[in-house]
Structure formats: structure tokens, C-alpha cells
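Asks: Give me a model of this one.
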Amino acid sequence: MKFVLVFGPQAVGKMTVGQELTRITDLKLFHNHMTIDMLTPFFDFSSDMWRLSTLFREEIFKQYAKSDKYGIIFTYVWAFNEKEDWEFVENICTIFSSQGADIYFVELEANVEERLKRNKTPNRLEQKPTKRNIKQSEENLLSSLDIHRLNSEQGEIKHENYLRIDNTNLNGDEVARMIKEEFVL
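Replies: From the prediction side, this is the model:
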């Protein structure tokens, strides 16, 4: 079993890279908006929505980790200045490692100008209904720069299988191939 955590700020290309990685490997993609967009029609972006999203994710991970599947990719916006995010990442990694899975960390970064462009791509808007209000999505992307640190600092990620990629000038296929090659997926 392989667990690939692809993380980085909003609109950096996590889902697109995950889609491309599923195309060239036997990994399945579970992007973070699969639970968010399922729950927001009922609970908006409330604490209830986040609690349920975490619960659903953890239960899916527990069941998947016990399976005989090749592996799964999960995308995540990790706020490095939030203790709860560190705990969540540790918890989901433990779910997989307790079942003998190999764990891989892939951090994506891109400049804000490129992320604002990617925020409007047809694939993103098709796959993520809560991003279709582009004005609100852009405001959230920009305001998060003042609130959260969404990329790690040098040396902060100490995981053995860790790859950081500045994908500002790379497409999803190029990044997926880099990940596949680096981790022999």
C-alpha cells in the first residue's frame, strides 16, 4: 500500500497533479474537496462541516488502508502554523503506517500570480463547486496569505520520502512524472 500526501496552498495544482498521477500509476485520487463539496450544501464552511469532513476522511482512510489496493493520493491544504493540521497529518499517516503502508510527502509551491490563474481553470471549477464563486475564492486565496503559512520552511518536513516541487512553470503531467520517478510508483 502506498499513501501519497500532496499538499500546498490553494490552486497550486494538487488535484491536477493527483489526476495525472492516477493516470500513470495504479493509485486512486481522493482530493480534499470530495468531502468539502459534499458537506457545504448542508453546513456551509462551519465547524460542523469541518468535523464531519475529518470524520469521513479518517473512516475512508481506515477502510482503504486495510484493503489490498495499490494505494491512494490525498490532497491537502496544510496550514503549518496550525497545530490541528499537524495533528491531522500525523493521524492520517498513522492510519496508513499502522497497516504497513509506504508514505510519501509531495509539497507543491507556485507563485501567487500563477495560483490566481489556476484558480479559474475549467477542470478546477468543474471538480470543485465551492470554487465557482471566483471572486470569493480569490479573496480567500489572497487573505490566507496573511493568516496561514501554507508551505513548509526549509528542513521542517523531516519525512524520509519527501519531495518539494516548485511547479509554477510546470504542468500536471510533468509534475506527476517527477513524483512517479522519484518514488518509483
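Asks: Please report the distance of K14 from Q99.
Replies: 24 Å (CB to CB, to the nearest Å). Every C-beta, even on glycine, is put in place using the N, C-alpha and C of the backbone.
Asks: So those two - more neighbours on which side?
Replies: K14 (29 against 15; other CB atoms under 10 Å).
Asks: wait, that one sits on W78?
Replies: No: counting by CB atoms under 8 Å, K14 stays clear of W78, with 10.4 Å between them.
Asks: Overlap in contacts, those two.
Replies: 7-8 (CB atoms under 8 Å, 6 or more residues apart in numbering).
Asks: Around the residue nearest to F74 when sequence neighbours are not counted, how many other residues sit close by?
Replies: The spatial neighbour of F74 that comes closest, neighbours along the chain excluded (CB to CB, 6 or more residues apart in numbering), is F30 at 5.0 Å. Using other CB under 10 Å, F30 has 17 other residues around it.
Asks: list the contacts for F30?
Replies: By CB under 8 Å, 6+ apart, the contact list for F30 reads 57, 60, 72-75.
Asks: quick one: which of those residues is most hemmed in?
Replies: Neighbour counts for these peak at I73, which has 27 neighbours (criterion: other CB under 10 Å).
Asks: circling back to that earlier point, and the contacts of F30 as a markdown table, adding distance to S46?
Replies: Shown next, in a markdown table, are the contacts of F30 (distance: CB to CB, whole Å):
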| residue | distance to S46 |
| --- | --- |
| R57 | 17 |
| I60 | 21 |
| I72 | 27 |
| I73 | 27 |
| F74 | 22 |
| T75 | 22 |
